[in-house]
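Visitor: build me a structure from this.
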Amino acid sequence: MTENTPGETVPGNARPTAPGWLEILAGGAAYAASFLLVAVLLPLVENVAVHGVVGLLVSGAMGLIAFAAAAAVRIRGLAAFGVRRAKPHHLLLAALLGLLAYLLGTVTAIVYMTVSGDMQNVQTSYQAAAAAGRWSLALVFVAGVTITPLGEEAFFRGVLANAVLARYRAWIAVLVSAAIFALAHGINPVLAAAFVVGVLAALLFRWSGSIWPGVVLHGVNNATALLVPLLAARAGV
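Guide: Numbering: from 1, shown residues only. Presented below is the predicted three-dimensional model:
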């Protein structure tokens, strides 16, 4: 099966076969509006563990809302946004790269903290939620390992990276989309780790044409980031 280049049009079809600037603007506006709403309402959740679960849920929801806004601009199949079947070897590679992303992200976060002097742990609420009991841990995993990766990959790779890849050289598109993804996580130590995930997920999207390898990579990275501190704390490390 021959794939169309993002942004191309199919003969006899006036609509582009992949997202463009219109979809980026629509999705970006929806994401920004959701982000501002969450920034106002999330601090009202006082319980740290509940705050962590809700924070992960809304992270995924923001991406899904942005994706829905982008997809609604011009009607076409979801395959145009990379919602298509991935090959098994892409998914296996994604799982391995998820572990690599955690290791590289940890190193880059340490470098960031050393250089900037910013030692804040912005994932305290997520870690507290994971340590708050069996049900809380289950909710954290559903939110952080499934919903958040799905929402963020759908928008940042399926819309943003997809559209940018069609218009610029691959390395520019990968770096730019990863930088925007990282900035969406705030100016803090997570920024460096998010950039690593963004680069690897964008490369996977370019190679596979599907968002699912990125979802797997993202999920494995998040699962590792949740489990390692939890296991270390229980081991008394």
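Visitor: output the contacting helices and strands for the helix or strand containing Y102.
Guide: Assigned by DSSP states H and E, Y102 falls within helix 88-116. Here helix 88-116 touches helix 190-208, helix 212-234, going by 3 or more C-beta pairs under 8 Å, 6 or more residues apart in numbering; DSSP states H and E. All C-beta spots, glycine's among them, are computed from the backbone N, C-alpha and C.
Visitor: and the helix or strand following it, what does it pack onto?
Guide: Using DSSP H and E, the helix or strand that follows helix 88-116 in sequence is helix 124-130. Packing partners of helix 124-130 (3+ C-beta pairs under 8 Å, 6+ apart): helix 48-73, helix 134-141, helix 212-234.
Visitor: closest one to G28 among the ones you listed?
Guide: helix 48-73 (7.1 Å; C-beta to C-beta).
Visitor: how about that closest one: buried residues?
Guide: Applying a neighbour-count criterion of 16 or more other C-beta atoms under 10 Å, one finds 49-67, 69-71 buried in helix 48-73.
Visitor: ok, now stretch 33-52?
Guide: For stretch 33-52, burial by neighbour count (16+ other C-beta under 10 Å) applies to S34, V38, A49, V50, H51, G52.
Visitor: just stretch 17-26 next, same as before
Guide: Buried, per 16+ other C-beta under 10 Å, within stretch 17-26: T17, A18, P19, G20, E23, I24, A26.
Visitor: these two touch, right, the last one and I65?
Guide: So the one you mean is A26. No: using C-beta atoms under 8 Å, A26 is not in contact with I65, being 10.9 Å away.
Visitor: A30 contacts A71, correct?
Guide: No: look at A30 against A71 with C-beta under 8 Å: they stay out of range, at 10.7 Å.
Visitor: noted, bye for now.
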